[in-house]
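Novice: the following block contains a protein sequence and its predicted model.
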Protein chains: 2
Amino acid sequence: MFETAEVGHALPAEEYDALVPELRTGLLRAQNELARDAKFSVVVVIAGVDGAGKGETVNALHDWMDPRFLLAHAFGPPSDEEAERPPMWRFWRDLPPKGRIGMFFGSWYTAPILQRVYGEARDADLDTALERINGFEKALVDDGTLVLKYWFHISKKAQRRRLKELSRDPKQAWRVTPVDWKHYELFDAFLPVCERALRETSTGEAPWTIVEGVDRRYREVTVGQHLLASVQRHLERSRVAAVAPPVPVVAPPVARRTVLDTVDLSAALSREEYRERMDEGQARLAALSRAAEEQGATLLAVFEGPDAAGKGGAIRRVTRAIDARHYRVIPIAAPTDEERARHYLWRFWRHLPRAGNLVIFDRSWYGRVLVERVEGFAAPHEWMRAYKEINELEERLYEFGIGVCKFWLHIDKEEQLRRFQERERTSYKEFKITEEDYRNRAKWELYEDAVHDMVERTSTAHAPWTLVAANDKLHARVEVVETLCDTLEAELRWRRKRKKRSV
Amino acid sequence: MFETAEVGHALPAEEYDALVPELRTGLLRAQNELARDAKFSVVVVIAGVDGAGKGETVNALHDWMDPRFLLAHAFGPPSDEEAERPPMWRFWRDLPPKGRIGMFFGSWYTAPILQRVYGEARDADLDTALERINGFEKALVDDGTLVLKYWFHISKKAQRRRLKELSRDPKQAWRVTPVDWKHYELFDAFLPVCERALRETSTGEAPWTIVEGVDRRYREVTVGQHLLASVQRHLERSRVAAVAPPVPVVAPPVARRTVLDTVDLSAALSREEYRERMDEGQARLAALSRAAEEQGATLLAVFEGPDAAGKGGAIRRVTRAIDARHYRVIPIAAPTDEERARHYLWRFWRHLPRAGNLVIFDRSWYGRVLVERVEGFAAPHEWMRAYKEINELEERLYEFGIGVCKFWLHIDKEEQLRRFQERERTSYKEFKITEEDYRNRAKWELYEDAVHDMVERTSTAHAPWTLVAANDKLHARVEVVETLCDTLEAELRWRRKRKKRSV
């Protein structure tokens, strides 16, 4: 695989000088169009062998282009705020908005490759990591992002020569660190791991470009021209009205019956039973949330359900048991413009709390497959692929040890109407009811279908949906509090076990 | 001062039960109006004696109100990302947007008070810190924010009783930490420091409300009612067309001559001289920026100037010398909606880099007193007070050891026209010139006045303006690079000295 980058590519100075002015003009122009249209973002991954000129090439690109619309990100050891979230958090955090180019040094490839080379992970672990990377990059590409990946390669001999050269030059010696020499010693160990990484992640949507790194002029022009041509083609494509990709046919309902029909809406609690179980549940939750805070356990709860299903009331029964310093309720309404300029999951990643906290989403990423599907805000191919994207998000949270609770609070149509009318009569609830609520109501069956599909496709062992019978508010609230307790308890148990194992 | 909070205030249960339902309704309604109009934000500071019920009161408020529009922030020891920025950074970061209420536990008052009590600071240091707090809160209030500050007080005897009580209750014992007992021992030392803090910061715009903390019902209702009445009054005020506050008369120009007339625009460099000095300057900058990175020194550069003054070109000569991983260029254009929902300085605070980096603002907070003043986007009282707000920002940066370089790149009207025409002729520069550039040009004299005032009011010893003669681009670029070198050198020298002193 890397043989093609050990053939001694070099660009004579005259050719370089002849090519660069036009290349520069092209890049500036493309960058300007990109910024003006702001239809997509460009993510550039810079990776490869130490001493192969990665940093210098990026500096050259910055020199040629407008640095105001370029965002370079380097990633060293994670900060404590980063270490308290899943590893992908810091990359999500730095994703460029539409119209901008983000350059990632030390990207999501670094950790999996190093872990394998250092023997901390096996091949199977590496493959799992790479598959996840594919999922992540696919989500970006599907969202319109142009993902470009450059791998800088030089031979072992060339690396040795280069590191020595740099070390001798007082102006460049800082570029060579002890880690570089260590990696030089490991060159032969790196080779097969890197090859595997490139092979597995050179997908149709986001292939790798291997760049021979010996000759400065060659590598700069190679990357510059490829970047330019890619951005230009993507700009052209973005101007053509796209034909939506094909969407598989969903089996038409035969004997229509949804998973919601299995919810026993007659479930109810007496006042006394409610008081007793709620007191117990809240006391349990209070103790558990303090333990979670001490141990750095994070819990994430998602609340969905029809209007007036009692999400707010249920959330309040939860928060009442927890110190206000350790939870946050995130109401999901219209995205801000910073959110709109990025992948729809970005706004949820950014709200992941530091360790030891509870975050409650009042409506969530499931909006993509609920309201956006039913109202047509997302095209079928968009919400269709969202199930997988969502499952991947939740898997990442789960693996990191974050508990995920998802509640669908269910009521029937009659109960909803009764509550709407009650709200209109109650002085401090009147603002809760608008025309739109009645409009949404007319689409009740469409929402039922959407919920059915959502549960089918996203209720997983590690992040199951809890369908809560909510015609009786007392019953619903108790079930929510108790489910949260059970999840948090399991999470804390798992942490204790893991800790024991690692002792 | 605290005698009024040791008189045994208590609210009987019946009265509490009678008051709370209406209070709750009122709070929900006010919160809803606040969120709907989104005309201002509310900042609530919760401070006071340990064991006086701060946490419990905030929890009660969360219970009464809609937790979706409430943001509680607790501040423990700073994270490493926080520690690398000036102390106020984390509070700026968490300021609520318009329409929301942010509750700050462990606010900007904590550190100054503790440092004084622990003997790490003298009275004069405390006074300085308090004066700065006044400046910060005034900036928020001037921006329309409602700032409410609650001080929870109990007597020493009551504190002892309370801590003992809590320790005995297995459900509450977690609330009492060793630090609480340490603070109890220091009670008499705290008293005068807290009194001083409250006295100095009980301003007309943001006075303290002292709450006796012994009785749960009393403190909850006291804070709830005060919060409600304050928000209601602020909502009413926000609906009335405000009469702009009076603005002092500026002395009319006699024999009009601005500071810009002192810039010798004939300054120029020959090609050879340019090459020599630029090479030397860039080499120096490269070495300095690496030293800065190693030592965690941050540098902030601001570029202002008329259109086509050559800001972009100068910036590029700077970035060319620095590794792309260690600088960021922030182009300041229209604010995003998240930025618009906060104080105008928020968007600059959020871009402060981690330690060891250079951040370049291509246009900056000075927009407030330049384009916003000239175009009338900011009212006279708004840009008038901005000078002080800006000076305070730069002072905070300076004190934290961040170097601030401010460049005004100056050209004359003829040179600007020449450059506009050249841009229209150059293929890859044509996008740089728009109708608006010609419109701005018509206001040349107004801008000159604005620059004159800006230099007069914001060119300080620690963050001076450098007026750069830029009719000759070569001269301008060299001056910028050399000035940055000098600043960075001084910053590094200062760091070495400080380090030596502390050894």
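Specialist: Nice, thanks for sending it over.
Novice: how many neighbours does A:Val254 have?
Specialist: A:Val254 is flanked by 6 other residues according to other CB atoms under 10 Å in any protein chain shown. Bear in mind the C-beta positions are built from the backbone N, C-alpha and C, glycine included.
Novice: that one in helix, strand or coil?
Specialist: coil (DSSP: H, G, I helix; E, B strand; the rest coil).
Novice: how near is it to chain B?
Specialist: Distance, A:Val254 to chain B, by CB to the nearest CB, to the nearest Å: 41 Å.
Novice: got the confidence number for that residue?
Specialist: Looking at A:Val254, its pLDDT stands at 75.
Novice: same check, this time on A:Glu430
Specialist: pLDDT, read off for A:Glu430, is 62.
Novice: what does A:Ser502 give?
Specialist: Confidence score, pLDDT, at A:Ser502: 67.
Novice: list the buried residues for the helix or strand encompassing A:Glu280?
Specialist: Here A:Glu280, judged by DSSP states H and E, is contained in helix A:271-295. Of all the residues in helix A:271-295, those buried under the rule 16 or more other CB atoms under 10 Å in any protein chain shown are A:274, A:277-278, A:281-282, A:284-293.
Novice: for it, packing partners?
Specialist: helix A:311-319, helix A:473-502 (3 or more CB pairs under 8 Å, 6 or more residues apart in numbering or on different chains; DSSP states H and E).
Novice: who's in contact with the helix or strand that contains A:Val20?
Specialist: Per DSSP H and E, A:Val20 falls inside helix A:13-37. Residues outside helix A:13-37 that contact it (CB atoms under 8 Å, 6 or more residues apart in numbering or on different chains) are A:11, A:40, A:42, A:61, A:64-66, A:69-70, A:99-101, A:217, A:220-221, A:224-225, A:227-228, A:231-232, A:235, A:238, B:427-428, B:431.
Novice: rerun at 6 Å
Specialist: A:64-66, A:69, A:99, A:217, A:221, A:224, A:228, A:231-232, A:235, B:428, B:431 (CB atoms under 6 Å, 6 or more residues apart in numbering or on different chains).
Novice: with distance to B:Ile46 added, can I get these in CSV?
Specialist: Shown next, in CSV, are those (distance: CB to CB, whole Å):
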residue, distance to B:Ile46
A:Trp64, 52
A:Met65, 48
A:Asp66, 46
A:Phe69, 42
A:Gly99, 41
A:Arg217, 62
A:Val221, 60
A:Gly224, 55
A:Leu228, 55
A:Val231, 50
A:Gln232, 55
A:Leu235, 52
B:Tyr428, 56
B:Phe431, 51
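Novice: of these, buried ones?
Specialist: The buried subset of those (16+ other CB under 10 Å) comprises A:64-66, A:69, A:99, A:217, A:221, A:224, A:228, A:231-232, A:235, B:428.
Novice: from the residues you listed, which is closest to A:His343?
Specialist: Nearest to A:His343 among the buried ones among the contacts of helix A:13-37 is A:Gly99, at 14.4 Å by CB to CB.
Novice: any idea how far the closest one is from chain B?
Specialist: In terms of CB to the nearest CB, A:Gly99 sits 11 Å off from chain B.
Novice: equivalent analysis for A:Val481, please.
Specialist: In terms of CB to the nearest CB, A:Val481 sits 14 Å off from chain B.
Novice: pLDDT score for that residue?
Specialist: Predicted confidence (pLDDT) for A:Val481: 98.
Novice: what residues are up against it?
Specialist: A:Gly281, A:Leu285, A:Arg317.
Novice: could you give me the average pLDDT of the helix or strand hosting A:Leu166?
Specialist: Here A:Leu166 sits within helix A:156-168, counting by DSSP H and E. When pLDDT is averaged over helix A:156-168, the result is 90.
Novice: likewise for stretch A:403-421?
Specialist: 94.
Novice: try stretch A:365-375
Specialist: Mean pLDDT, stretch A:365-375: 95.
Novice: cool, and stretch A:204-215?
Specialist: Computed over stretch A:204-215, the average pLDDT equals 90.
Novice: let me know the pLDDT of the nearest residue to A:Glu395 once chain neighbours are set aside.
Specialist: Setting aside the residues directly before and after it, A:Glu395 is nearest to A:His462 in space (CB to CB, 6 or more residues apart in numbering or on different chains), at 6.9 Å. Confidence at A:His462, expressed as pLDDT, is 86.
Novice: where's A:His462, which helix or strand?
Specialist: Going by DSSP H and E, A:His462 is not in any helix or strand.
Novice: I figured it hits A:Tyr398, correct?
Specialist: Yes - using CB atoms under 6 Å, A:His462 makes contact with A:Tyr398 at a distance of 4.0 Å.
Novice: quick one: mean pLDDT for the very next helix or strand once past the helix holding A:Val20?
Specialist: Proceeding N to C from helix A:13-37, the next assigned helix or strand is strand A:42-48, under DSSP H and E. Mean pLDDT, computed over strand A:42-48, is 96.
Novice: from the contact counts, what lies against strand A:42-48?
Specialist: Using 3 or more CB pairs under 6 Å, 6 or more residues apart in numbering or on different chains; DSSP states H and E, the elements in contact with strand A:42-48 are helix A:54-64, strand A:101-105, strand A:146-153.
Novice: where in chain A is the helix or strand with the lowest mean pLDDT?
Specialist: Least confident element among the helices and strands of chain A, by mean pLDDT, DSSP states H and E: helix A:435-441 (a mean of 79).
Novice: next one: it to chain centre, how far?
Specialist: 32 Å (CA atoms, centre = their mean, to the nearest Å).
Novice: among the buried ones among the contacts of helix A:13-37, which pair sits farthest apart?
Specialist: Farthest pair in the buried ones among the contacts of helix A:13-37, by CB to CB: A:Gly99 and A:Arg217, 30.1 Å.
Novice: return the distance of A:Leu146 relative to A:Lys98.
Specialist: 11 Å (CB to CB, to the nearest Å).
Novice: over to A:Gly367?
Specialist: Taken as CB to CB, the span from A:Gly367 to A:Lys98 is 20 Å.
Novice: the two: which is more packed in?
Specialist: Set side by side, A:Gly367 and A:Lys98 show more neighbours around A:Gly367, with 21 against 18, by other CB under 10 Å.
Novice: do you know how far the more buried one is from B:Trp383?
Specialist: Counting by CB to CB - A:Gly367 and B:Trp383 are separated by 41 Å.
Novice: ok, A:Ala189 next?
Specialist: Counting by CB to CB, the gap from A:Ala189 to B:Trp383 is 62 Å.
Novice: out of A:His462 and A:Tyr398, which sits in the busier spot?
Specialist: Between A:His462 and A:Tyr398, counting by other CB under 10 Å, A:Tyr398 is the more crowded of the two (18 against 12).
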